[in-house]
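Peer 1: Fold the stuff below for me.
(one chain, ligands or ions: 2)
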Amino acid sequence: MGDAVLLPIIDLSAEDRLSTVKRIRQACMEYGFFYLVNHGIEEELFKRVFDESKKFFTLPLQEKMKVKRNNYRGYTEMYDEKLDPSVKSKGDLKESFYVGPSEDAKNSNLNQWPSEALVTRLIDHLGPSLMDNFDLGFSSNLQWKRSAGKRLLSLVALALDLEEDFFEKVGAYPPMGFLRLLHYPGESTALNDEIYGASSHSDYGMITLLATDGIPGLQACICQKKDSHPQVWEDVPHVKGAFIINVGDMTERWTNCLFRSTLHRVIATGQERYSVAFFLEPKSDCVVECLKTCCSETSPPRFPPIRSGDYLEERYRLTYASLKI
Ligand SMILES: O=C(O)CCC(=O)C(=O)O
Ligand SMILES: [Fe+2]
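Peer 2: Numbering: from 1, shown residues only. Ligands and ions are numbered 1, 2, ... in the order given. From the prediction side, this is the model:
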């Protein structure tokens, strides 16, 4: 394992908002990663989500394959994805289960559900609190307005000297929220196999909230730019009750790289591991373009404006392009 990095711990319920906003700005510029505590989601709920996730991944493969990935929702088996196409392996070790927003009109019926029973359990157990806090498209806009995700995005807007409702105004929210249950089987791999739990990548959306189970494996390339070589990896340890937050590519594009969408990966440690990631992505038709405050004559925009849906589609495509499918 590498050295563990000491990331800032941000308290979402802190009264001194100004100081929270400053710390978020600093964390997003320096690391692209931080921990979020006092986010209002009870530990008991985390436990139930992890329990449900374990029940799902313990099902026989043939059961899980009944809800095989379709349009980036549903079950992806081991080696079905390769987040870093340059890695010479047959794919990433992880298996996962994606749930996307049901309010997204174009994709309204795309979610793949394992069985009536599991749907009921997930909805019972993930919600109402999780739905309230994360908004998976099952809940109304009203619930989203009170959510941890929304509070976090308001603070990110303030951290960029923007109005609190900036993301709302540009049409980025209520965002699309993709929930992903992840399971890293505890298989040991040969050292020279170049097999990762999840190979190196940056997240595609605005911001990611990640809950981990305490088993190590997550690493981030904190002190380097994306294209530096050789890469130096630092462990991102689990902090009890905290979400690990990381900036995604959309925010990096909006901010002309002021906020970093940091490369990260999960190494195969031989220990079984579970995590739950919640990706907040701008709505498909939101155009993401460099903020006026983040460019100047001497520092022109590094990325052209792009429709969020087009960017995400391309990134997903590349994740699977290097595989056999
Ligand atoms: O499982 C983890 O700790 C990280 C997962 C991750 O980076 C991802 O799914 O994008
Ligand atoms: Fe990630």
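
Peer 1: residue of this protein with the smallest distance to ligand 1?
Peer 2: S275 (3.4 Å; C-beta to the nearest ligand atom). Bear in mind the C-beta positions are built from the backbone N, C-alpha and C, glycine included.

Peer 1: what secondary structure does that residue sit in?
Peer 2: Put simply, S275 is strand when judged by DSSP: H, G, I helix; E, B strand; the rest coil.

Peer 1: Let me know whether it touches T208 as I believe.
Peer 2: No: here S275 does not reach T208: they are 10.9 Å apart, not a contact under C-beta atoms under 8 Å.

Peer 1: what about the residue of the chain closest to ligand 1, how many neighbours?
Peer 2: 25 (other C-beta atoms under 10 Å).

Peer 1: Distance check, it against D227.
Peer 2: Using C-beta to C-beta, to the nearest Å, S275 is found at 27 Å from D227.

Peer 1: For L12, which non-adjacent residue is spatially closest?
Peer 2: H39 (4.7 Å; C-beta to C-beta, 6 or more residues apart in numbering).

Peer 1: which residues of the chain fall in helices?
Peer 2: For the chain, the helices defined by DSSP state H cover 17-30, 43-58, 61-64, 116-126, 129-134, 141-145, 148-159, 166-169, 249-254, 308-321.

Peer 1: I'd like the average pLDDT over the last one.
Peer 2: Taken as a whole, helix 308-321 has an average pLDDT of 83.

Peer 1: That helix near ligand 1 at all?
Peer 2: No: using C-beta under 6 Å from any ligand atom, helix 308-321 never reaches ligand 1; the gap is at least 10.2 Å.

Peer 1: so where's the chain shaky on pLDDT?
Peer 2: By pLDDT under 70, the low-scoring segments of the chain are 1-2, 71-72, 100-146, 174-175, 189-193, 320-325.

Peer 1: Please list the residues of it that sit near ligand 1.
Peer 2: Close to ligand 1, as judged by C-beta under 6 Å from any ligand atom, the chain has residues 180, 182, 198, 203, 210, 212, 218, 264, 266, 275, 277.

Peer 1: I figured the second one hits S96, correct?
Peer 2: In this case it means L182. Yes: here L182 reaches S96: they are 4.9 Å apart, a contact under C-beta under 8 Å.

Peer 1: Common neighbours of the two, please.
Peer 2: Common contacts of L182 and S96 (C-beta atoms under 8 Å, 6 or more residues apart in numbering): none found.

Peer 1: Count the residues that sit near L152.
Peer 2: 21.

Peer 1: And E168, by the same measure?
Peer 2: Residues within reach of E168, counting by other C-beta under 10 Å, total 17.

Peer 1: Quickly note the distance from it to G177.
Peer 2: 15 Å.

Peer 1: can you check D249 too?
Peer 2: Using C-beta to C-beta, D249 is found at 16 Å from G177.

Peer 1: about what we covered before: ok, what's across the strand from the residue of the chain closest to ligand 1?
Peer 2: Beta-bridge pairing for S275 (DSSP bridges): L182, T212.

Peer 1: Contact partners for it?
Peer 2: Per C-beta under 8 Å, 6+ apart, neighbours of S275: 182, 184, 210-213, 218, 266.

Peer 1: filter those residues to the buried ones?
Peer 2: 182, 184, 210-213, 218, 266 (16 or more other C-beta atoms under 10 Å).

Peer 1: Please enumerate the strands of the stretch 201-325 of the chain.
Peer 2: 207-212, 218-220, 234-235, 243-247, 264-267, 273-281, 287-288, 306-307 (DSSP state E, counting those that start in this stretch).
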